[in-house]
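coords please:
(chains A, B, C and D)
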Protein chains: 2
Amino acid sequence: MQRMTRQRSAVTEALAGLEEFRSAQQIHELLREQGVGVGLATVYRTLQSLTEDGDVDVLRSADGEAVYRKCARSGHHHHLVCRRCGRTVEIEGPGVEEWADQVGSAHGFSAIEHTVELSGVCAPCRSAGA
Amino acid sequence: MQRMTRQRSAVTEALAGLEEFRSAQQIHELLREQGVGVGLATVYRTLQSLTEDGDVDVLRSADGEAVYRKCARSGHHHHLVCRRCGRTVEIEGPGVEEWADQVGSAHGFSAIEHTVELSGVCAPCRSAGA
DNA sequence: CACGGTTTGACAATCATTCTCAACATTGCT
DNA sequence: AGCAATGTTGAGAATGATTGTCAAACCGTG
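Okay, the predicted model is just below:
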């Protein structure tokens, strides 16, 4: 059973107000700044729970830290992240799923799962920067 | 300048004798079992160095631990890993690169990079058991 | 409002990875 | 081979994210 507590809604709202991926620590810090007292362990637990429910996406930054973001679309999808500013676009991989299954079974694998993440430099950052 | 030390070649050889992805800790343990004394920090440093040189692949397991494997092919490639036994097949993504670039530029992004990893259950594992 | 299972939070505990720095090994040079 | 210069090593400390602990606070229900 899932109870709606002050802390859980605080984390949910914090995510709702965020467009980009943030680490559990950053979210904890953010809540603290807003004067909302929530324990760090609770933030971790809540994010995990939300992830399991499919309400947030989780992926790993280059240094292995887990970063979270609310899901914009419900089904399976991938991300295109700007390496400069972190701007994120959720994308679909038409054909990627099929390709994954094909390649998998071609090698005798079943129950194929896949991870596809794209990164690049977005237009604003490109014109803005060095 | 890169010196060839007993430790560096030990790590390189250990990787050469391995087919699947292993964590730095596992490689360290493996070397220890073989009676080759190599410090853990050294294993980490060496793996990092080899990774930078493009001689080994690195990816993150589900729990965020970094795992390494020697590169079988030189160019860009992806992996299909068995979730049961760790057996790994290196694969090409015909069209994946193009798709990535297309999607990227469609959203105004440039300098697109991508991560594509597949996992599944290989035939031996599937027949072997529950 | 009382109750019982949930959830919380401060803090300890893990665990992978990196840092520190003195002792040591490798390479280039003679 | 002998030597100096400089990259490398390793034991252990340090860091940092994440998880575990467990008593106290809390939520939804009867």
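
And for A:E33, the neighbour number?
A:E33 has 8 neighbours, counted by other CB atoms under 10 Å in any protein chain shown. All C-beta atoms are positioned from the backbone trio N, CA, C, and that covers glycine.

same check, this time on the one 10 residues further on
Burial measure for A:V43: 25 neighbouring residues, criterion other CB under 10 Å.

I'd assumed A:L30 was in contact with it.
No. Counting by CB atoms under 8 Å, A:V43 stays clear of A:L30, with 9.6 Å between them.

Contact partners for A:V58?
Contact analysis of A:V58 by CB atoms under 8 Å, 6 or more residues apart in numbering or on different chains lists A:47, A:51, A:66-68.

Next: A:V38.
Residues in contact with A:V38 (CB under 8 Å, 6+ apart) are A:7, A:10-11, A:28, A:31-32.

What about DNA strand C: which of those touch it?
A:Q7 (CB under 7 Å from any atom of the strand).

and the longest strand seen in chain A, which strands flank it?
Ranked by residue count under DSSP state E, the longest strand found in chain A is strand A:110-121. Strand A:110-121 pairs in its sheet with strand A:78-82 (parallel), strand B:110-121 (antiparallel), by DSSP bridges.

Quickly note the distance from A:Q34 to chain B.
28 Å (CB to the nearest CB, to the nearest Å).

Which one of the strands paired with strand A:110-121 lies nearest to A:P124?
With CB to CB as the criterion, A:P124 lies closest to strand A:78-82 of the strands paired with strand A:110-121, at 8.4 Å.

Run the chain-centre distance for the helix or strand just after the closest one.
Next in sequence after strand A:78-82, counting helices and strands by DSSP states H and E, comes strand A:88-91. On the basis of CA atoms, centre = their mean, to the nearest Å, strand A:88-91 sits 10 Å off its chain's mean C-alpha point.

the inter-axis angle of whatever helix or strand comes next after strand A:88-91 versus strand A:110-121?
Using DSSP H and E, the helix or strand that follows strand A:88-91 towards the C-terminus is helix A:96-106. Computed by axes from the mean of the first three to the mean of the last three CA atoms, to 10 degrees, the angle separating helix A:96-106 from strand A:110-121 equals 130 degrees.

For helix A:96-106, could you pull out the residues that count as buried?
Neighbour counts using 16 or more other CB atoms under 10 Å in any protein chain shown place A:96, A:99-101, A:103-104 of helix A:96-106 among the buried residues.

do it and chain B meet at all?
Yes. Using CB under 8 Å from any CB of the partner chain, helix A:96-106 reaches chain B at A:96, A:99-100, A:103-104.

Grab the nearest non-local neighbour of the residue in chain A that DNA strand C sits nearest to.
Chain A approaches DNA strand C most closely through A:G39 (2.9 Å), counting by CB to the nearest atom of the strand. Among residues not flanking A:G39 along the chain, A:Q7 sits closest, at 7.7 Å (CB to CB, 6 or more residues apart in numbering or on different chains).

Quick one: classify that neighbour as helix, strand or coil.
Classification of A:Q7 by DSSP: H, G, I helix; E, B strand; the rest coil places it in helix.

which parts of stretch A:82-93 are buried?
A:82, A:84, A:87-89, A:91, A:93.

Please read the previous query as pertaining to stretch A:53-72.
If you call a residue buried by 16+ other CB under 10 Å, then stretch A:53-72 has these buried ones: A:56-57, A:59-60, A:66-71.

ok, the closest residue to A:H77 other than its chain neighbours to A:L80 distance?
With sequence-adjacent residues excluded and distances taken as CB to CB, 6+ apart, A:H77 is closest to A:E90, at 5.0 Å. According to CB to CB, to the nearest Å, A:E90 stands 8 Å off from A:L80.
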